[in-house]
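J.: Everything below, folded, please.
(2 chains)
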Amino acid sequence: GEDVEQSLFLSVREGDSSVINCTYTDSSSTYLYWYKQEPGAGLQLLTYIFSNMDMKQDQRLTVLLNKKDKHLSLRIADTQTGDSAIYFCAENGEDSSYKLIFGSGTRLLVRP
Amino acid sequence: GAVVSQHPSWVICKSGTSVKIECRSLDFQATTMFWYRQFPKQSLMLMATSNEGSKATYEQGVEKDKFLINHASLTLSTLTVTSAHPEDSSFYICSAQNSGKNTGELFFGEGSRLTVL
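T.: Model prediction:
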């Protein structure tokens, strides 16, 4: 079945770059996503990448996709304290473009 | 931008009662919505796919008689937790796909926290 894995915790200093990693198993995924969840809130879509792309950049966010290794990463440049949150990667399930399978989430803590 | 609203955002109920949670797409139509459940410090678990005008599709292990889903219009899906028990306490999140666009993007509600006493 489909499986998405992430490291649980990352701590960085304000101003540094953060890199959150994710591995997935379903090679048929069309899209891969990064969502942000702040405490007690729903999910906010940060960015997504189409599976035939290697990289996507959107302001401070850079997504890298290594389809061969089934590895996805999210780099946040110049990390701010407001970036502290849980970050989920997700892939669309094998039987639907919009049925998402989420990773366990990486808690990012940004230290002043 | 596309907004998905859930109501209520927080509900406390007694064991044995039923609770209805609404998920609305405010500025777009959604033929498909999804319901997720999230336990503390855990990921989102897909419960079911809600299809407008037809029966919901439930994931393995999710009791359809326990979690009733109705998607009667293109902008509203409801999740009813029937005869709720403390183990049903969780954060329930819905998401919706914009039927008019094919961007691969899902929009999420703010979540509804259910506490069953």
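
J.: in chain B, which helix or strand is least confident?
T.: In chain B, the helix or strand scored least confidently by mean pLDDT, DSSP states H and E is strand B:106-108, which has a mean of 85.

J.: Neighbouring strands - and their directions - for that strand?
T.: strand B:90-97 (antiparallel) (DSSP bridges).

J.: CA atoms only: put the strand it pairs with into CSV for me.
T.: Output for strand B:90-97, consisting of C-alpha atoms alone and laid out as CSV, is shown next (Å, rounded to 0.1, in the frame of the first residue of the first chain):
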residue,chain,number,x,y,z
SER,B,90,-10.4,13.9,17.6
PHE,B,91,-9.7,16.7,15.2
TYR,B,92,-11.8,16.3,12.1
ILE,B,93,-10.7,18.1,8.9
CYS,B,94,-12.4,18.3,5.5
SER,B,95,-11.0,19.2,2.2
ALA,B,96,-12.6,20.0,-1.1
GLN,B,97,-11.5,19.9,-4.7
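
J.: before we move on, the earlier item: after the least confident helix or strand of chain B comes which helix or strand?
T.: Stepping forward along the backbone from strand B:106-108, the first helix or strand reached (DSSP states H and E) is strand B:112-116.

J.: Which residues of chain A lie near chain B?
T.: With the criterion set to Cβ under 8 Å from any Cβ of the partner chain, chain A comes near chain B through A:30-31, A:33, A:35, A:40-45, A:48, A:50, A:88, A:92-93, A:96-105. No exception for glycine: its C-beta is placed from N, CA and C like everyone else's.

J.: Show me what the least confident helix or strand of chain B is in contact with.
T.: Contact with strand B:106-108 is made by A:33, A:35, A:42-45, A:98, A:100, B:2-4, B:25, B:28, B:34, B:93-98, as judged by Cβ atoms under 8 Å, 6 or more residues apart in numbering or on different chains.

J.: Any of the residues of chain A next to chain B buried? List them.
T.: Neighbour-count burial within these applies to A:30-31, A:33, A:35, A:41-43, A:45, A:48, A:88, A:92-93, A:98-105; the criterion is 16 or more other Cβ atoms under 10 Å in any protein chain shown.

J.: So which of those belong to strands?
T.: Assigned to strands by DSSP state E, the following of those qualify: A:31, A:33, A:35, A:43, A:45, A:48, A:88, A:92, A:100-102.

J.: JSON lines for those, including pLDDT?
T.: Listed next are these as JSON lines, based on pLDDT from 0 to 100:
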{"residue": "A:31", "pLDDT": "83"}
{"residue": "A:33", "pLDDT": "90"}
{"residue": "A:35", "pLDDT": "93"}
{"residue": "A:43", "pLDDT": "86"}
{"residue": "A:45", "pLDDT": "86"}
{"residue": "A:48", "pLDDT": "88"}
{"residue": "A:88", "pLDDT": "94"}
{"residue": "A:92", "pLDDT": "80"}
{"residue": "A:100", "pLDDT": "82"}
{"residue": "A:101", "pLDDT": "84"}
{"residue": "A:102", "pLDDT": "88"}
